[in-house]
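Peer 1: Predicted model and sequence below, questions to follow.
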Amino acid sequence: MSPCTSGSPRRRKRIKKEKLPADFYIIRRMKEDDLFEVQAIERVSFPNPWQINTFRGEIHNHPISSPYVIVHRLDKRVIGHIILWHIQDEIQISNIAIHPDFRRMGIGESVLRQLLSQLKKGGVKFVSLEVRPSNVAAIKLYTKLDFEILGIRKNYYHNPPEHAIVMAKYLV
């Protein structure tokens, strides 16, 4: 565990109120060597986690898939990941997760803001994603970033069964 995060909810709350240092993390393309850490984050983040071979497929699915890891700059440890699918001038966020030790620190928001800015500069016009209705924290974050609800995909998730909320943002 990083010296700047402890298991204490009080400590996490205090960190959240502080400004996240600009050099706290880096974002880079996912590599095969990252898969063990990515899978560990996936397992603690989702009830139906992606398998290592799914992530491996994303690494090799050029130019459609862009898998990234978020790496703690001091620890050199993978603390999150995000998978983007490029379809012409649109992006689908297919997977995003932050390790529980690093949640509620603004990392997810910071990463998404950075990527959305880069995507807009690159000519992307539309970004979409699906999210479980039970994932209230994610929905709040996406709403804060001006994503709007487009609709519902019935019976989208399994284990446990749940619909998906489709959210999107125009980058024009």
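Peer 2: Noted; the coordinates are in hand.
Peer 1: Not counting its neighbours along the chain, what's nearest residue 108?
Peer 2: The shortest distance from residue 108 to any residue other than its chain neighbours is 5.2 Å, reached at residue 98 (Cβ to Cβ, 6 or more residues apart in numbering). C-beta here means a position set from N, CA and C on the backbone, and glycine is covered the same way.
Peer 1: Need the phi and psi values for the one you found.
Peer 2: Backbone torsions of residue 98, given as degrees, to the nearest 10, read phi -120, psi 140.
Peer 1: Surely it is in contact with residue 79?
Peer 2: Yes. Counting by Cβ atoms under 8 Å, residue 98 does reach residue 79; the two are 6.5 Å apart.
Peer 1: More neighbours: these two, which one.
Peer 2: Neighbour totals were compared for residue 98 and residue 79, and residue 79 leads with 25 against 20 (other Cβ atoms under 10 Å).
Peer 1: List the contacts of the more buried one.
Peer 2: By Cβ atoms under 8 Å, 6 or more residues apart in numbering, residue 79 lies in contact with 25, 41, 70, 71, 72, 98, 99, 101, 102, 107.
Peer 1: where does the chain have its least confident helix or strand?
Peer 2: Taking mean pLDDT, DSSP states H and E as the measure, helix 9-17 is the helix or strand of the chain with the lowest mean score, a mean of 48.
Peer 1: from what I can see, residue 57 looks like it's in a helix, true?
Peer 2: Yes. Counting by DSSP: H, G, I helix; E, B strand; the rest coil, residue 57 is part of a helix.
Peer 1: Leaving out sequence neighbours, find the closest residue to it.
Peer 2: residue 65 (7.9 Å).
Peer 1: Burial check on the one you found, number of neighbours?
Peer 2: By other Cβ under 10 Å, the residues close to residue 65 number 18.
Peer 1: The one 4 residues further on too?
Peer 2: Here the neighbour count serves as a burial measure; for residue 69 (other Cβ under 10 Å) it reads 23.
Peer 1: For residue 40, grab the count of nearby residues.
Peer 2: 13.
Peer 1: Show the pLDDT at it.
Peer 2: Residue 40 is assigned a predicted lDDT (pLDDT) of 97.
Peer 1: For it, what is the enclosing helix or strand?
Peer 2: For residue 40, the host element (DSSP states H and E) is helix 35-45.
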